[in-house]
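In: this one's sequence-less:
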């Protein structure tokens, strides 16, 4: 186990980290080679994460966000933004506005919103979801998964064995699809009340497999849900968004994506979320209130954003980020990485068995507010 205090030299490895907040004006904000947290606030900002795994938020205004090296988490916020992941397995959320999201090398997860967006996965096995606008989606090289929602999207899957999911609601929407090279599969998802848009099936001739899910169902895709309350996923790959209020989300099996509320944006409230990811390699974002996050089995990405968060990694090599105020982490028995980069509140980290890495930011005395349990200290001495 390596306990890294950002800004110090530990085991001949230097790790720097910063928490940078803009002023609301147009600015250029640049991070370090460590795991940075940068929020541009208002204005036309240019944000660069440089090295390591960064959390980068443009917030309001038309921003440009560059992830750099590492597995970065980028959120454009409102405004017409450009998110460029560059190297690493990046996650990009466009937010409100006409956004452009470019993944670059790596297995990226890019998601637009209601407005027309441009998404390009680049190299790697990417997951691309344009949202409900009329989007331009290009998978690039690799075996990609593309979700086309209710808008008239233009899709170029690119080389590789790709999977394309189409939404038939409204049935008048017409999709333009070019599957590119590779053995691709197009799933035509039936709309509510069983309606199916036959025009969606008139795709380009280089789409090898076109399946009308009015009669069949993709065995890997689960449900997509947004709302409040309690929701159970399936044994497939589900996407559950709790939005506002108090929620209980159960992912069950499959590689799920779970949000506690409104995709971790907005003001903190009194809501309380329980998120049980279940088995599989899951991605979990806590809400802005109280969170209890259970990773379960699998190599998960778990982020607590709230005023009080309790995170249990469970089995698997997990990536855990402390991004809220008061957080308790029990990493679990395997080789986990914990990023304690919050700038407010306290955090307590327990490593459990396994060869774990804890990275602590020194931003405004943050290191003094993070308590690392004795099991982590023993691993360091060993």
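Out: Perfect, thanks for sending it. Everything quoted here is computed from the prediction, not taken from an experiment.

In: Can you read off the pLDDT for residue 54?
Out: Looking at residue 54, its pLDDT reads 91.

In: How is this structure partitioned into domains?
Out: The chain resolves into domains spanning 2-115, 221-381 when parsed by automatic domain parsing.

In: Can you list the residue ranges for helices in this protein?
Out: Under the criterion DSSP state H, the chain contains helices at 374-381.

In: need the helix or strand of it with the lowest average pLDDT.
Out: strand 8-10 (a mean of 27; mean pLDDT, DSSP states H and E).

In: picking that back up, can you add distance to residue 179 and mean neighbour count and give the domains of the chain back as TSV?
Out: Just so you know, the C-beta spots here come from the backbone N, C-alpha and C atoms, and that holds for glycine as well. What follows is the domains of the chain, written out as TSV (distance: least, CB to CB, whole Å; neighbours: other CB atoms under 10 Å):
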stretch	distance to residue 179	mean neighbour count
domain 2-115	19	22
domain 221-381	18	21
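
In: Next, format those as TSV and append distance to residue 148.
Out: As requested, the domains of the chain are arranged in TSV below (distance: least, CB to CB, whole Å):
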stretch	distance to residue 148
domain 2-115	11
domain 221-381	12
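
In: which stretch among those comes nearest residue 131?
Out: Nearest to residue 131 among these is domain 2-115 (4.1 Å), distances taken as CB to CB.

In: Please name the residues that touch the residue nearest to residue 223 when sequence neighbours are not counted.
Out: Once flanking residues are discounted, residue 223 sits nearest to residue 238: 5.2 Å by CB to CB, 6 or more residues apart in numbering. Applying CB atoms under 8 Å, 6 or more residues apart in numbering to residue 238 gives the contacts 222, 223, 224, 225, 251, 252, 254, 256, 257, 258.

In: which among the residues you listed gets closest to residue 308?
Out: residue 258 (18.3 Å).

In: and that closest one, how far is that from residue 297?
Out: For residue 258, the distance to residue 297 equals 15 Å [CB to CB, to the nearest Å].

In: now swap in residue 71 and tell me
Out: To residue 297, residue 71 is 21 Å away according to CB to CB.

In: How about the contacts made by the most centrally placed residue in the chain?
Out: A centroid search over the chain (CA atoms, centre = their mean) returns residue 91, at 4.5 Å, as the residue closest to the centre. By CB under 8 Å, 6+ apart, residue 91 lies in contact with 71, 72, 73, 74, 108, 109, 110, 283.

In: pLDDT and distance to residue 242 for these - can I get that in JSON lines?
Out: Shown next, in JSON lines, are the contacts of residue 91 (pLDDT from 0 to 100; distance: CB to CB, whole Å):
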{"residue": "71", "pLDDT": "93", "distance to residue 242": "24"}
{"residue": "72", "pLDDT": "93", "distance to residue 242": "24"}
{"residue": "73", "pLDDT": "92", "distance to residue 242": "18"}
{"residue": "74", "pLDDT": "94", "distance to residue 242": "21"}
{"residue": "108", "pLDDT": "94", "distance to residue 242": "24"}
{"residue": "109", "pLDDT": "92", "distance to residue 242": "18"}
{"residue": "110", "pLDDT": "93", "distance to residue 242": "21"}
{"residue": "283", "pLDDT": "91", "distance to residue 242": "14"}
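
In: Tell me the one of these nearest residue 315?
Out: Once CB to CB is applied, the member of the contacts of residue 91 that ends up nearest residue 315 is residue 283, at 16.6 Å.

In: Next one: that closest one from residue 161, what distance?
Out: Separation of residue 283 from residue 161 (CB to CB): 23 Å.
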